[in-house]
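Q: need the 3D shape of this:
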Amino acid sequence: MPNLAYILPGGAKAGSALVRAALDGGADGTPILIHWGNVRLGLGYLAGGRVEVVLSRPLAADDIIQASVSEQGTQAGPPVRVLGTGAVLGPWVTPTEIQVTEDNGQVLNYPAVAFQSQYGYLPASVENTEGLSTLTYPEFVPLPVNPVMFDLNAERQGGQTTVTVANVRNQRGGILTRWSGETNWGNVLSKAFTVAGTYTVEVKGSQNTDAEAVNRQLAVTIQTPPPAAPAPDARIAFYSWRNFGSQVYLFVNTTVEIQAQCPQSSDPSWREGVVYDNAYQREVLFENVPNGAVSVTIRVRGETNPAKYVTMNFTKFF
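A: Purely as a prediction, here's the structure:
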């Protein structure tokens, strides 16, 4: 269990803009924050387990302040009440050390800070007829409720955006969520949306009240899926070739008019297919095609989208 940051006895006085705090075992450079409610008064950095925090304003008598590590509520020690100059407390004070007898009979001595961290409350007051003219823990002052905090991550795919609640902190108990349109709390951390719009999500802990839930709005956009790439024209499905010397003949089984081109021929322009056999086959002749790799591209006559062309590659040996 990490140690808690705490304000040193006598470390906060009315009229002073300086608070002395500590974090036992804390590394040098660790940030220590002083808060008054949800208002941050100052920030300082540990050196030798101690820190003097310069505040944004002087303290006033009866201010309730608290020390935390890095952010409000993290490793936060008990809140303390700032006394006026020369104030003397009455005989009832909170003890600084509590003796606890475990179920197994073991007796443990807890500092007040450790007792509160372990059991969640300050021990009862005891009578001190001598009084105490120093800073002490206030009676019956609950720890401030730090608001529930969380992050939202969005993953966009074609036609759908998935929003995920992540990094939930400061909640009491298990994580509960309530999305737009829902009346009951659940534990669904991700939700997929297919319609753009403004939605809400509420997050709290199972031991938080509804009033302590945090509500955030989501501006959801939907990414339009890209259009499917056009496929080669299915009407050009069966084709073959043969050659006689430098002449290459292309045969295409189709009933539509076609054109073809061969960059290796003496005329690389689009050439018209002519009816070859029973009106079901078109033929294109390419002249002066050298031996080696040959490519022939076929298209339905007048087609201008290269994605719908069909290309045949082969090797001519003689």
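Q: alpha carbons only for contacts and neighbour counts from here, please
A: OK.
Q: got the contact list for the most centrally placed residue in the chain?
A: Geometric centre of the chain, nearest residue: Asn153, 4.2 Å, by CA atoms, centre = their mean. Taking CA atoms under 8 Å, 6 or more residues apart in numbering as the contact definition, Asn153 lies against 163-166.
Q: so which helix or strand takes in it?
A: Using DSSP states H and E, Asn153 falls within strand 149-157.
Q: for the stretch 201-318 of the chain, what are the low-confidence residue spans?
A: Applying pLDDT under 70 to the stretch 201-318 of the chain flags residues 228-231, 277-280.
Q: show me where it has helices.
A: With helices called from DSSP state H, counting those that start in this stretch, the stretch 201-318 of the chain shows none.
Q: just the buried residues of stretch 273-287, please?
A: Buried residues in stretch 273-287, counted by 16 or more other CA atoms under 10 Å: 273-275, 281-287.
Q: residue contacts, the closest residue to Leu83 other than its chain neighbours?
A: Among residues not flanking Leu83 along the chain, Ala61 sits closest, at 5.1 Å (CA to CA, 6 or more residues apart in numbering). Ala61 makes contact with 13-15, 81-84, according to CA under 8 Å, 6+ apart.
Q: tabulate these (TSV), appending neighbour count, pLDDT and distance to Ala213.
A: Below are the contacts of Ala61 laid out as TSV (neighbours: other CA atoms under 10 Å; pLDDT from 0 to 100; distance: CA to CA, whole Å):
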residue	neighbour count	pLDDT	distance to Ala213
Lys13	24	85	35
Ala14	18	86	35
Gly15	15	87	36
Arg81	21	83	28
Val82	25	84	31
Leu83	24	73	34
Gly84	17	68	37
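Q: which of the residues you listed sit farthest apart?
A: Greatest spacing in the contacts of Ala61, by CA to CA: Gly15 and Arg81 (13.3 Å).
Q: just give me the neighbour total for Ser56.
A: For Ser56, the neighbour count with other CA atoms under 10 Å is 12.
Q: quick one, phi psi at it?
A: In terms of degrees, to the nearest 10, the main-chain angles of Ser56 are phi -80, psi -10.
Q: ok, now Pro147?
A: Dihedral pair for Pro147: phi -60, psi 150, per degrees, to the nearest 10.
Q: look at it and report its pLDDT.
A: On the pLDDT scale, Pro147 is placed at 85.
Q: just give the number of residues close to it.
A: 16.
Q: excluding its backbone neighbours, what's nearest it?
A: Using CA to CA, 6+ apart and skipping the chain neighbours, the partner closest in space to Pro147 is Asn170 (6.4 Å).
Q: picking up where we left off before, roughly how far apart are the residue nearest to the centre of the chain and Asn167?
A: Using CA to CA, to the nearest Å, Asn153 is found at 10 Å from Asn167.
Q: what's the answer for Lys204, then?
A: 12 Å.
Q: go on, Asn38?
A: Distance from Asn38 to Asn167, counting by CA to CA: 21 Å.
Q: what about those two, which has more around it?
A: Taking neighbours as other CA under 10 Å, Asn38 and Asn167 compare with Asn38 leading, 14 against 10.
Q: contacts only, for the more buried one.
A: Residues near Asn38 by CA under 8 Å, 6+ apart: 72, 146.
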